[in-house]
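Trainee: only geometry, no sequence info:
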């Protein structure tokens, strides 16, 4: 059985610092990343945006419309 203090708080659950830092981080100095790495990062960004939009839509459907 878990202790009540071991649970995450709402603030910790909805902490978007890591997501925002992924989008707005500074470019590293050094050689330019190859095309495969750049494509992978764009696919990750698109998938994160789609996931966040889906969560918002589900919340709106379940909380506001019901």
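Mentor: Sure, I can see it. Computed from a prediction, not measured in an experiment: that's the story for all the values here.

Trainee: Can you give me the distance of residue 34 to residue 40?
Mentor: To residue 40, residue 34 is 10 Å away according to C-beta to C-beta, to the nearest Å. (Glycine included, C-beta is placed from N, CA and C.)

Trainee: So those two - more neighbours on which side?
Mentor: The neighbour count for residue 34 versus residue 40, taken as other C-beta atoms under 10 Å, is higher for residue 40 (12 against 9).

Trainee: and the more buried one, what element?
Mentor: Assigned by DSSP states H and E, residue 40 belongs to helix 35-59.

Trainee: Point out the other helices and strands that that helix packs with.
Mentor: Contacts defined by 3 or more C-beta pairs under 8 Å, 6 or more residues apart in numbering; DSSP states H and E place helix 35-59 against helix 17-24.

Trainee: quick one: contacts of the helix it packs on?
Mentor: Residues outside helix 17-24 that contact it (C-beta atoms under 8 Å, 6 or more residues apart in numbering) are 44, 45, 48, 52.

Trainee: Quick one: buried ones out of these?
Mentor: Listed as buried from the contacts of helix 17-24 is no entry at all; burial here means 16 or more other C-beta atoms under 10 Å.

Trainee: Which helix or strand in the protein has the lowest average pLDDT?
Mentor: The weakest-scoring helix or strand in the chain, judged by mean pLDDT, DSSP states H and E, is helix 10-13 (a mean of 70).

Trainee: Distance from it to the middle of the chain?
Mentor: A distance of 13 Å separates the centroid of the chain from that of helix 10-13, by C-alpha atoms, centre = their mean, to the nearest Å.

Trainee: again, but for stretch 53-66
Mentor: Offset of stretch 53-66 from its chain centre (C-alpha atoms, centre = their mean): 18 Å.

Trainee: and the end-to-end length of it?
Mentor: 19 Å (C-alpha to C-alpha, to the nearest Å).

Trainee: Would you mind listing the buried residues in that stretch?
Mentor: For stretch 53-66, it's none, nothing buried (16+ other C-beta under 10 Å).
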